[in-house]
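# Here is a sequence together with a model predicted from it:
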Amino acid sequence: MTQRRQAPEARAQATSGRWAPWWIYLIVLLGTNYLRSYFLPGGSMPLAVTAAIAIGQAVVLFVIITAIWRATHRSAG
């Protein structure tokens with residue numbers, strides 16, 4: 001059994017409603033990292049704790065951004 005590959009345009013249309021544009025993720029992640037560094041300076045906690053907070057923050061924000069995007073950009077079909 002062979003499967004036909006979708007054209008890039010078809011793939012883009014199929015996934016365009018699922019994910020927010022990359023720059024939205026970038027702006028939100030950079031902004032929150034800046035705020036986190038203001039409230040929790042780098043030397044205030046061990047590196048492992050700071051890294052865990054940053055990774056957890058990125059995961060949570062990614063999920064929130066994606067959920068908001070999908071809720072506000074549902075296709076009418």
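Cool, got the structure.
# For the helix or strand hosting A52, which residues meet the burial criterion?
Using DSSP states H and E, A52 maps to helix 47-72. By 16 or more other Cβ atoms under 10 Å, the buried positions in helix 47-72 come out as T50, A54, L61, I65, W69. For glycine as for every other residue, the C-beta is placed from the backbone atoms N, C-alpha and C.
# Excluding chain neighbours, give the residue nearest to the last one in space.
Spelled out, it's W69. If the residues on either side of it in the chain are set aside, W69 comes closest to A20, at 3.9 Å by Cβ to Cβ, 6 or more residues apart in numbering.
# neighbouring contacts of stretch 33-42?
T50, I53, A54, Q57 (Cβ atoms under 8 Å, 6 or more residues apart in numbering).
# Poorly predicted segments of this structure, please.
Scanning the chain for pLDDT under 70 picks out 1-16, 75-77.
# which residues does the spatially most central residue of the chain contact?
For the chain, F62 is the residue whose C-alpha lies nearest the centre (Cα atoms, centre = their mean; 3.1 Å). Contact analysis of F62 by Cβ under 8 Å, 6+ apart lists Y25.
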